[in-house]
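Q: I'd like to go over a predicted model; first the sequence, then the structure.
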Amino acid sequence: MRKMLEKRLIRLSGDIYRLTNHLTVSFASEHLANQIIRSSTGAALNYGEAQGAESYEDFIHKTSLVLKELKETYINLLIMQDIMICGNSNMLAGIIDECNQLISIFHKTVITAKSKNKIK
């Protein structure tokens, strides 16, 4: 499961990078592209950090950062969809779906980890 999530996060970052090549050329698209590349890669990188967490609390914190970065990425994708700056709407829709699935997974992970931490 851990390696699968890592691969999905890395693939999401790569897909988003490729998506930015389909954006119209404008100040808005450049701004959103720069931001979404940072947030999507941040999710993958923070997941790597979570795997090396020094404590359970550290794991919860770093996994929460993954969730935060994914939510930021998701909102950015919705903005791109709303302002119609992407020339490949099918690709954009697929990435939105994948990002939403990852948000659900990490939301559940954080909730479960926090509840287990309270039991300790």
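A: Yes, it's here.
Q: backbone phi and psi for residue 86, please?
A: According to degrees, to the nearest 10, the main-chain angles of residue 86 amount to phi -110, psi 130.
Q: what residues are up against it?
A: Shown in contact with residue 86 (C-beta atoms under 8 Å, 6 or more residues apart in numbering): 19, 22-24, 80, 92. Heads up, the C-betas are built off the backbone N, CA and C, glycines and all.
Q: Give me the buried subset of those residues.
A: In the contacts of residue 86, burial by neighbour count holds for 19, 23, 80, 92, counting by 16 or more other C-beta atoms under 10 Å.
Q: In the residues you listed, find the pair that's most separated.
A: Farthest-apart pair in those is 23 and 92; separation 9.6 Å (C-beta to C-beta).
Q: which neighbours do these two share?
A: Listed contacts common to residue 23 and residue 92 are 80, 86; contacts here mean C-beta under 8 Å, 6+ apart.
Q: Restricted to strands, list the contacts of residue 86.
A: Using DSSP state E, no member of the contacts of residue 86 falls in strands.
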